[in-house]
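>>> please find the sequence and the predicted model below.
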Amino acid sequence: MTRYGTQFGPDITFMGVGPCDWTDTATYGDADVVILGAPFDGGTSHRAGTRFGPQYIRQTDYNPHDGSRPSLAMRVDALRNLRVYDAGDVEMFSGDAERSVRDLQTAVHAVAATGAIPLVLGGDHTIAWPDAAGVAQHIGRGRVSMIHFDAHADTVDVEFGSLVGHGQPMRRLIESGAIRGDRFLQIGLRGYWPPPDTLDWMARQRMRSYEMTEIGERGLDACLTEAFGIAMDDCDGVFLSVDIDVCDPGHAPGTGTPEPGGLTARQLLDSVRRVAYELPVLGVDVVEVSPPYDHAEITSFLANRVVLEILTGIARRRKDARDGTAWDPRQPLLDGR
């Protein structure tokens, strides 16, 4: 098939990077990262609209879409220092969840099998199941750990009579063997869901879930450091899944299931940058941006920057490994100029 483009709206690429067709590896054979859109909200339990997320994450920026984004913080230009392509949206029909997740896993696996990092723009969190499973299909079942930023655990068994939905992807990944329960790290949980029987199941899988009260008491950096150590024990790398509702609704109002009391935008950006800089990232998704519920594109701007911070962390990690340098976050901006 030819490049689908964006399923909703104009056919644009993320920040103007080059286009490719995920079904034709010749169009991205040299890629470090391939962006895929997953415009699916058929698994949503409350407010829909995340099918429009990929379009808005791609387009919401006040700078020119020129394929360049030099980072003031990390002194690299991820879109120039990495070879990043955008394959457009995987065609997904929200009325057929089983077909949609199957087709998405096929696309993610095709990208991962070339050695590129698949970076998927959601879409609701249903897509984490095929995303991480597609990477594990290439790397090896149980060889990929999960770092999961979210207000919700997404580990219930059945919702609305279905095994497929945005409250269930992490359970499906563990039950399938794609990701080990004892290498599943969740950051930012809070609120009043899931119920006790689901928490019991999570404990039996030996998951590690950092609820916001623990994060507040111990500090986010300490929790991340601990999580990183668990994630890299007997695994080859991590899949990073970011649900935008990990942030407080004041920082990310445009999402389907907002839960007060979350991370700030600054905390999330620093955290995902740290994951990408300190750990070998094998796959990424950024999900649950629902533009119809956004105000002044606050959530779309944040999600766009989450993607950029992840790419920038990957680019700086590779630069330092190649050049024998080390990034110092305390370095004044204009030093060495």
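Great, that's in hand.
>>> list the buried ones in stretch 288-304?
By neighbour count, and taking 16 or more other C-beta atoms under 10 Å as the criterion, the buried residues in stretch 288-304 are 288-291, 293-294, 297-304. Every C-beta, even on glycine, is put in place using the N, C-alpha and C of the backbone.
>>> okay, how far is it across it, tip to tip?
13 Å (C-alpha to C-alpha, to the nearest Å).
>>> residue ranges in the stretch 51-200 of the chain under the pLDDT threshold?
In the prediction, the stretch 51-200 of the chain carries residues with pLDDT under 70 at positions 161.
>>> can you do 80?
Confidence mapping of the stretch 51-200 of the chain against pLDDT under 80 gives the ranges 158-164.
>>> would you map the helices across the stretch 1-150 of the chain?
In the stretch 1-150 of the chain, helices defined by DSSP state H, counting those that start in this stretch lie at 53-59, 78-81, 97-112, 128-139, listed in chain order.
>>> would you list every one of the strands in this structure?
Assignment of strands within the chain using DSSP state E yields the ranges 18-19, 33-38, 84-89, 117-122, 144-149, 184-189, 208-211, 237-243, 281-287.
>>> in TSV, list those strands along with distance to residue 108 and mean neighbour count.
Written out in TSV, the entries for the strands of the chain read as follows (distance: least, C-beta to C-beta, whole Å; neighbours: other C-beta atoms under 10 Å):
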stretch	distance to residue 108	mean neighbour count
strand 18-19	18	16
strand 33-38	7	28
strand 84-89	10	26
strand 117-122	5	28
strand 144-149	12	27
strand 184-189	19	25
strand 208-211	25	18
strand 237-243	10	27
strand 281-287	7	26
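>>> so how far is the biggest helix by length in the chain from its chain's centroid?
Ranked by residue count, the top helix of the chain under DSSP state H comes out as helix 298-323. Taking the mean of its C-alpha atoms, helix 298-323 sits 12 Å from the chain's own mean (C-alpha atoms, centre = their mean, to the nearest Å).
>>> same question for stretch 103-111.
Averaging C-alpha positions (C-alpha atoms, centre = their mean) puts stretch 103-111 15 Å from its chain's average.
>>> go through it and flag the buried ones.
Within stretch 103-111, the residues that count as buried by 16+ other C-beta under 10 Å are 103, 104, 105, 107, 108, 109, 110, 111.
>>> ok, of those residues, which one's closest to residue 252?
For residue 252, the nearest member of the buried residues of stretch 103-111 is residue 104. The distance, counting by C-beta to C-beta, is 23.4 Å.
>>> how about the nearest residue to the closest one, chain neighbours excluded?
Once flanking residues are discounted, residue 104 sits nearest to residue 130: 4.2 Å by C-beta to C-beta, 6 or more residues apart in numbering.
>>> isn't that neighbour right up against residue 99?
No: using C-beta atoms under 8 Å, residue 130 is not in contact with residue 99, being 11.1 Å away.
>>> give me the more crowded residue out of those two.
The neighbour count for residue 130 versus residue 99, taken as other C-beta atoms under 10 Å, is higher for residue 130 (31 against 12).
>>> who's in contact with the closest residue in space to residue 329 that isn't next to it in sequence?
Counting by C-beta to C-beta, 6+ apart, residue 73 is the residue found nearest to residue 329 once chain neighbours are left out, at 7.2 Å. Shown in contact with residue 73 (C-beta atoms under 8 Å, 6 or more residues apart in numbering): 273, 312, 329.
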